[in-house]
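1. Fold the following, please.
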Amino acid sequence: MHPNRRGTVLVAGGGVAGLALAIALRHRGLAAVVLERSAGPDRSGGGLVLAPNAVKALAAIAPGLADRVRAAGHAAGARGAAPHRSAFLDERGRVLGWVSFDGYEDRWGMPAVTILRADLHALLREEAEEAGVELVGGFAADRYRDSGAHVDLVARTGAVRRGDVLVGADGINSAVRAQLLGDGDPPYRGFTAVRGIGPAPAAYPDGFIAYGRGLVLFAAALGGGDLYWVASMTAPRGVAPRRPVAEVLARVIDRTSTWHPDLRKVPASADPAGCVVHDVHDRPPPRTWSRGRVALAGDAAHPMVYTLGQGAGMALEDAAVLATALAGTTLTETALTGHGQAGPGQAGHGQAGPVAGVEQALRRYAAERGPRVRGIVRQSRMLGRIAHVRSPLLVAIRRAILIAATRGTDGGGQSADVFGWTPPAD
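-> Now for the predicted structure:
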């Protein structure tokens, strides 16, 4: 593919959301420039479980992309795959219930795929380069100027890039969002997460979720006997991320010292050099995701608590929906005539020119994504609260809820609205 004269989309942020969007735009004939603060690929972040809706989004973003991700990760619930069974446990190792991904591909159209975040990021960068996306490193977005006819994105260094549309995909502390909405810092949700990678316990080769008092240990199989895990524990805001990773990991090991041996050895065997620590935040999704020629996507629009495992999934859905919305829109007047001015009767074929068309496309995108994402953010936050309760009474109530919710082996019955998502038609 080669850039045409239909216009250029600037994407602030080179994470999962930004790269996926840029790939989707190129495969729909639009030029895309990804402007990322870091100078190279992202090597951090532990792992991800991409639910069937996320894998369907990958298939919609670019031909063959879902197949490449499936090959790079560990697919559970795929046709012909080995049976899957993951346990819900208390800290003593008592089984509260089981969940299985078996049959996901037949039921939802795609399996669930567990993959290291760094592997997914590397794969998306490679796909973006092959699609002709311009990748610019060392460009930390600071502010933008929307003239009505184009958008300038200004870096902290003073460098400027001009495009026809700007999408802020620059993460939870988005500079684009700060200017667009001015709604302050994301709220802290009361717990810190430590992420790592290590061998799976023999008793739980497919992973597990174990619940203690104020601490949850989640693990998912990566294949080959390994898993990635997340230990999240109640903690004061901002304390753990400022400390050495080894010190925070030692705190997790101490707080799980009385847990069942199969569980406590997961963090105890971790190498601090391979772990990541971060506080957990989210935001109520805004009613307004766009203004003029500027819109938000991914964590810049809707960061969420990780408990439902849909952060990356919602970012990938954003990419598919936004690229489709822009694909049928002329972004620049130059593209209409080739001379910088729309000729008589050429202004968007009955619309008020390309400016109106762009704004309408961005509003359609936000209107479609808003209700879905708001529900998932709320559900994720609720699950986070339930997971990290500390009082004996609330722990007992949580136990009863988990036993009831995991009765049987089908983990998809409670997630039909999430997994059943269908990508928009181009």
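2. Excluding chain neighbours, what is closest to A20?
-> A319 (3.8 Å; Cβ to Cβ, 6 or more residues apart in numbering). The C-beta positions use only the backbone N, C-alpha and C, and glycine is treated the same way.
3. Which helix or strand contains that neighbour?
-> Under the criterion of DSSP states H and E, A319 resides in helix 311-327.
4. Repeat that for E359.
-> Secondary structure assignment for E359, by DSSP H and E: helix 353-387.
5. elements contacting that helix?
-> Under the contact criterion of 3 or more Cβ pairs under 8 Å, 6 or more residues apart in numbering; DSSP states H and E, helix 353-387 touches strand 188-199, strand 290-291, strand 294-296, helix 311-327, helix 333-337, helix 392-405.
6. State the mean pLDDT of the fifth one.
-> Confidence for helix 333-337, expressed as mean pLDDT, is 49.
7. Repeat that for the last one.
-> Here helix 392-405 scores 90 as its mean pLDDT.
8. by contact count, what packs against that helix?
-> Against helix 392-405 (3+ Cβ pairs under 8 Å, 6+ apart) you get strand 95-99, strand 207-211, helix 353-387.
9. Kindly report the same for the second one.
-> Contacts of strand 290-291 with other secondary structure elements, assessed using 3+ Cβ pairs under 8 Å, 6+ apart, are made with helix 353-387.
10. cool, the fourth one as well?
-> For helix 311-327, the contact count by 3+ Cβ pairs under 8 Å, 6+ apart identifies helix 16-26, strand 47-50, helix 52-61, helix 353-387 as packing neighbours.
11. of the ones you listed, which approaches V151 most closely?
-> helix 353-387 (9.9 Å; Cβ to Cβ).
12. In that closest one, which residues are buried?
-> 354-355, 357-359, 361-366, 368-370, 372-373, 376-377, 379-381, 383-384, 386-387 (16 or more other Cβ atoms under 10 Å).
13. starting at the chain centroid, how far to that helix?
-> For helix 353-387, the separation from the chain centroid amounts to 13 Å (computed by Cα atoms, centre = their mean, to the nearest Å).
14. now do stretch 249-259
-> For stretch 249-259, the distance to the chain centre is 28 Å (Cα atoms, centre = their mean).
15. residues near the closest residue to M233 other than its chain neighbours, how many?
-> Nearest residue to M233, sequence neighbours excluded (Cβ to Cβ, 6+ apart): L215, at 4.3 Å. Other residues lying near L215 total 22 when counted by other Cβ atoms under 10 Å.
16. For L215, give me the pLDDT.
-> 96.
17. Next: the one 3 residues further on.
-> F218 is assigned a pLDDT of 97 by the prediction.
18. same deal with the one 4 residues further on?
-> Note for L222: predicted pLDDT of 94.
19. list the buried ones in the strand or helix carrying it?
-> Assigned by DSSP H and E, L222 belongs to strand 215-223. For strand 215-223, the neighbour count (16+ other Cβ under 10 Å) marks L215, V216, L217, F218, A219, A220, A221, L222 as buried.
20. The fourth one is in contact with Y228, isn't it?
-> No. With contact taken as Cβ atoms under 8 Å, F218 and Y228 are classed as non-touching, separated by 9.0 Å.
21. Return the residues in contact with G375.
-> The contact partners of G375, by Cβ atoms under 8 Å, 6 or more residues apart in numbering, come to D417.
22. Tell me how far it lies from S174.
-> 22 Å (Cβ to Cβ, to the nearest Å).
23. And W421, by the same measure?
-> In terms of Cβ to Cβ, W421 sits 24 Å off from S174.
24. next one: A75
-> With Cβ to Cβ as the criterion, A75 and S174 are 32 Å apart.
25. repeat for V230
-> 23 Å.
26. With neighbour numbers in mind, choose between these two.
-> S174 (25 against 21).
27. can I assume that one is in contact with L181?
-> No. With contact defined as Cβ under 8 Å, S174 does not reach L181; the gap is 9.2 Å.
28. Could I get the full set of helices for the stretch 101-250 of the chain?
-> 104-108, 117-131, 175-180, 245-255 (DSSP state H, counting those that start in this stretch).
29. what's the closest of those to L308?
-> Taking the helices of the stretch 101-250 of the chain one by one with Cβ to Cβ, helix 104-108 is closest: 15.5 Å.
30. Mind listing what's buried along the closest one?
-> Within helix 104-108, judged by 16+ other Cβ under 10 Å, the buried ones are Y104, E105, R107, W108.
31. can you check stretch 169-186 too?
-> Buried, per 16+ other Cβ under 10 Å, within stretch 169-186: 169-172, 174-181, 186.
32. Residues contacting that stretch, please?
-> Contacts of stretch 169-186 (Cβ under 8 Å, 6+ apart): 11-13, 15, 17-18, 21, 37, 140-144, 166-168, 281-283, 286, 288, 291, 294, 296-301, 303, 315.
33. which residues touch the residue sitting nearest the centre point of the chain?
-> With distances taken as Cα atoms, centre = their mean, A312 lies nearest the centre of the chain, 1.9 Å away. Contact analysis of A312 by Cβ under 8 Å, 6+ apart lists V16, L48, L50, A54, L120.
34. All set, thanks.
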